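S.K.: need the 3D shape of this:
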Amino acid sequence: MANLINIGVSGLSASQAAMNVIGNNIANADTKGYSRQSVSTTASAVQNIGVGYLGTGATISDVRRIYNGYMDRQLQTTTSLSADATAYQTQVNAADSLLSDSSTGVASALTSFFTSLQTAASSPNDSSARQLLLTQAQGLSNRFQSIASQLSQQNDGINSQLAALSDQVNNLSSQVASLNKQISALSAAGTQPNSLLDARNEAVRSLNELVGVTVQERGGDYDVYLGTGQPLVSGVNSNKLSAGPSNTDSGQFSLTLQMPNFSTDVTSVATGGSIGGLLRYRNDVLNPSINSLGRIALTVSDSVNKQLGQGLDANGQFGSSLFSNINNSIAITQRSVGAITNSAGSGNLNVKITDTSQLTTYDYQVKFSDADNYSVTRSDGTSMGSFKLSDSPAPTIDGFQLSLNGSALSAGDSFKVQPTRSGTNSVGTILTDPSKLAFAAPLVGTSGSSNTGTGSITQPTLTTQLDTSDPVALSEMQNAVKNSTPVKLVFSAASGGSQNYTMYNAQGTSIGTGSIVPGQANTLSLSIPMVDASGNPILDGSGAQKTFSAQMTLNGSPATSDSFSVAFNSAGKTDNRNAQQLLALQTKATIGVRDGNTGMSLTNANASLVENVGAKAAQAKTDVSLTGTLVDTAKNNRDSVSG
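M.R.: All right, here's what the predicted structure looks like:
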């Protein structure tokens, strides 16, 4: 009877244990990462009764965790991809809205600027139209600066998120290391601590929400790795991940993994999870967008200022700049960032923009092998060559030049050069007097009052460009154009199908000759000797008299002694020829005119940027939907086995 009771008790005990496990399964139905458990029973030891063996009941042999490693790894991977896509989408949607919305983007402000310019060009002596142009110019520069501020805030937000997420990674890494230790201790008796195993898997899944990791099981421990094998967890030890100012760019945080004997930068290999999504957005969208907008802003400022410098204002004076100088003393110092590891007392680099049409949207790494020699590598991996600071003139690299600012450099010093990064911040409207907008061309042509032939001329164009970037050369040329005109072309009799002319200065001295074919359109290219206010020749370094060039077209047939004059256009209030040249900048290819490319206009460059970011936002939406579905599928597959 006692044996029968014992057998019954063993059965009841086994059944009770099974009921407890079932109850525990039900209680944890909504517990993240919980794996369903089941009880395994075996027959108890048999008893020999002489004529055979009798069973003695049932014994619980194991409480098994129903778990499929492959399905769990699928859940880990898809979780990482989904978190990456979600973080990326959140950021790119904000950028897309900022750049594409008419109330915040550049397109509407740029259109308003050129619309007001068109109005002013059609009525160059209308002071109210001129004032409206100044107002729209201020609105355009404000828009650039507003976008720059918001993208800068987004960059700061990413820095803050990277720091916060790194702390969360460290907490979870510590949990995994601690669980490794507990599991190892409890497994020594030969049984598996199921709840701890589940907790460890859930900690790894949570890690994948933050950053993509891989797991290798070693002796029952989970070793957790970042990117290309950088260890977050090794057995019972975890390594700290930190986010802080990058060695090459203090404005953007990098990730450093601190191991027992050394630290390593893991920014370039950290992928997946929210951290991976933020870094991917920063590299693929934020930085290129800031650089692209900066390039547009620099080109607007530079091209408008240069064209204004070619004309005359309502007071008969050469034009003033509408926007701030892109190479002012502050701007050139903000385009280079020295590495934190540079030698003590080392200087910085000034970056001067020499040709905005040649600028790219890349950054550049500049590394010195000694105090003079340096090499330049573009952020797309292109080697730009090796150069010397002592080279004169300084070499031009993709539209910019480098020079030393401060103390001498040492071997190993390096700089991150960002020619266009601060472009949107550096553009400001500085002209306040609308009468100083240079809408008129500097030269005007007139026909002699006593002409009897059929000859007529188009208005002359000053084909020698005034260098607005060199104050000394600019002043010399402006004064020379004033002092060296008027000049008069006097025609002789036609002979043998051609007709000669002589060019005279204001004193009646011959200063050049030429010929035309009467009765057809003739392009006259005039080389006018330069003189100062006293009439003295302006000489170059070799002692030869400098000249400037003008061009006009002569149609028809001048009679003998007919004349045409080219003079300084000091009374050209109603002249809008330079304003028309300004207006042409809206569609003229002024950006990316390099490497055989015809380039883009200002409006097309902005449209291309908006389109590119919009396409990435659309792709991000698709990615979020797809990876979300993958996560749901992976979770359902796991739960179908373990849930």
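S.K.: would you list every one of the strands in the stretch 51-200 of the chain?
M.R.: For the stretch 51-200 of the chain, applying DSSP state E, counting those that start in this stretch gives strands covering 53-54, 58-65.
S.K.: pick out the shakiest of the ones you listed, pLDDT-wise.
M.R.: Lowest mean pLDDT within the strands of the stretch 51-200 of the chain: strand 58-65, a mean of 67.
S.K.: mind checking which helix or strand the residue nearest the centre of the chain is in?
M.R.: Residue closest to the average C-alpha location in the chain (Cα atoms, centre = their mean): Pro288, at 2.2 Å. In this structure, Pro288 sits in helix 287-308 according to DSSP states H and E.
S.K.: counting by contacts, list what that helix packs against.
M.R.: Helices and strands touching helix 287-308, by 3 or more Cβ pairs under 8 Å, 6 or more residues apart in numbering; DSSP states H and E, are helix 106-122, helix 127-187, helix 423-426, helix 577-583, helix 602-642. From N, CA and C alone the C-beta is placed, and that goes for glycine too.
S.K.: ok, 6 Å please
M.R.: helix 423-426, helix 602-642 (3 or more Cβ pairs under 6 Å, 6 or more residues apart in numbering; DSSP states H and E).
S.K.: need the residues that contact the first one.
M.R.: Read that as helix 423-426. Helix 423-426 is touched from outside by Phe144, Ala148, Leu293, Gly294, Ala297, Leu298, Ala331, with contacts defined as Cβ atoms under 6 Å, 6 or more residues apart in numbering.
S.K.: likewise for stretch 428-436?
M.R.: Contacts for stretch 428-436 (Cβ under 6 Å, 6+ apart): 127, 130-131, 134, 137-138, 141, 313-315, 320, 322, 324.
S.K.: likewise stretch 449-469?
M.R.: So stretch 449-469 is contacted by 306, 309-310, 442-443, 445, 473-474, 477, 548-559, 562, 564, 566 (Cβ under 6 Å, 6+ apart).
S.K.: filter these down to the ones in helices?
M.R.: Lys306, Ala473, Leu474, Met477 (DSSP state H).
S.K.: could those go into JSON lines alongside distance to Thr454?
M.R.: Formatted as JSON lines, the ones in helices among the contacts of stretch 449-469 follow (distance: Cβ to Cβ, whole Å):
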{"residue": "Lys306", "distance to Thr454": "38"}
{"residue": "Ala473", "distance to Thr454": "41"}
{"residue": "Leu474", "distance to Thr454": "40"}
{"residue": "Met477", "distance to Thr454": "35"}
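S.K.: ok, which stretches of the stretch 401-550 of the chain are helices?
M.R.: 423-426, 471-483 (DSSP state H, counting those that start in this stretch).
S.K.: out of these, indicate the one that is most buried.
M.R.: Stretch with highest mean neighbour count among these: helix 423-426 (a mean of 25; mean count of other Cβ atoms under 10 Å).
S.K.: so where is the chain shaky, pLDDT-wise?
M.R.: Filtered on pLDDT under 70, the chain yields the residue ranges 1-3, 10-11, 13-14, 16-25, 27-31, 33-41, 57, 60-67, 642-643.
S.K.: what's the domain layout of it?
M.R.: According to automatic domain parsing, the chain comprises the domains 2-66, 340-419, 443-568.
S.K.: what's the closest residue to Gly406 other than its chain neighbours in contact with, if anything?
M.R.: Excluding the flanking residues, the one nearest Gly406 by Cβ to Cβ, 6 or more residues apart in numbering is Gly347, at 2.8 Å. By Cβ under 6 Å, 6+ apart, the contact list for Gly347 reads Leu404, Asn405, Gly406, Ser407.
S.K.: quick one: which of those is most hemmed in?
M.R.: Each of these was scored for neighbours by other Cβ atoms under 10 Å, and Leu404 scores highest at 16 neighbours.
S.K.: for that one, give the beta-bridge partners.
M.R.: Following DSSP bridges, Leu404 is listed with bridge partners Leu349.
S.K.: you'd agree it is up against Leu389?
M.R.: Yes: with contact defined as Cβ atoms under 6 Å, Leu404 counts as touching Leu389 (5.4 Å).
S.K.: which neighbours do the two have in common?
M.R.: Common contacts of Leu404 and Leu389, defined by Cβ under 6 Å, 6+ apart, are absent altogether.
S.K.: one step back: now distance to Ala270 too, for the domains of the chain, in TSV please.
M.R.: Shown next, in TSV, are the domains of the chain (distance: least, Cβ to Cβ, whole Å):
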stretch	distance to Ala270
domain 2-66	24
domain 340-419	18
domain 443-568	43
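S.K.: still on that earlier bit, top of the contacts of helix 423-426 by neighbour count?
M.R.: Of all the contacts of helix 423-426, the highest neighbour tally under other Cβ under 10 Å goes to Ala297, namely 29 neighbours.
S.K.: who's in contact with it?
M.R.: Contact partners of Ala297, counting by Cβ under 6 Å, 6+ apart, are Phe144, Gly423, Thr424, Val427.
S.K.: 10 Å instead, please
M.R.: 106, 140-141, 143-145, 147-148, 323, 326, 356, 420, 422-427, 602 (Cβ atoms under 10 Å, 6 or more residues apart in numbering).
S.K.: also Gly381?
M.R.: Neighbour list for Gly381: Tyr362 [criterion: Cβ under 10 Å, 6+ apart].
S.K.: now Ser289: how far from Tyr364?
M.R.: If you measure Ser289 against Tyr364 using Cβ to Cβ, to the nearest Å, the figure is 18 Å.
S.K.: try Leu539
M.R.: Distance of Leu539 to Tyr364, computed by Cβ to Cβ: 40 Å.
S.K.: same thing with Val593?
M.R.: Distance of Val593 to Tyr364, given as Cβ to Cβ: 19 Å.
S.K.: those two: who's more crowded?
M.R.: A count of neighbours by other Cβ under 10 Å puts Tyr364 above the other of Val593 and Tyr364, at 23 against 18.
S.K.: the more buried one bridge partners, please.
M.R.: The partner residues for Tyr364, given DSSP bridges, come to Arg378, Val417.
S.K.: right, and it touches Val351 too?
M.R.: Yes: between Tyr364 and Val351 a contact is recorded at 9.1 Å, counting by Cβ atoms under 10 Å.
S.K.: which neighbours do the two have in common?
M.R.: When Cβ under 10 Å, 6+ apart defines a contact, the residues bordering Tyr364 and Val351 alike are Arg335, Ser336, Ile397, Phe400, Leu402, Phe415, Val417, Gln418, Pro419.
S.K.: contact partners for the closest residue to the fifth one other than its chain neighbours?
M.R.: Put plainly, it is Leu402. Excluding its sequence neighbours, the residue lying closest to Leu402 (Cβ to Cβ, 6+ apart) is Leu349, at 5.2 Å. The contact partners of Leu349, by Cβ under 10 Å, 6+ apart, come to 332-333, 335-338, 366, 368, 374, 389, 402-406, 409, 413, 415-417.
S.K.: Ser484 and Gly157, how far apart?
M.R.: Distance, Ser484 to Gly157, by Cβ to Cβ: 58 Å.
S.K.: could you check how far the residue nearest to Leu402 is from Gln161?
M.R.: For Leu349, the distance to Gln161 equals 31 Å [Cβ to Cβ].
S.K.: next, count neighbours for Ser527.
M.R.: Other residues close to Ser527 by other Cβ under 10 Å number 13.
S.K.: now do the contacts for the residue nearest to it when sequence neighbours are not counted.
M.R.: In space, not counting the residues next to it along the chain, Ser527 is nearest to Thr547; the distance is 4.7 Å by Cβ to Cβ, 6+ apart. The contact partners of Thr547, by Cβ under 10 Å, 6+ apart, come to Thr464, Ala480, Ser484, Ile511, Gly512, Leu526, Ser527, Ile528, Pro529, Met530, Ile538, Asp540.
S.K.: count residues in the vicinity of the closest residue to Ala473 other than its chain neighbours, would you?
M.R.: Closest residue to Ala473 apart from its sequence neighbours, by Cβ to Cβ, 6+ apart: Asp467 at 4.9 Å. By other Cβ under 10 Å, 14 other residues sit near Asp467.
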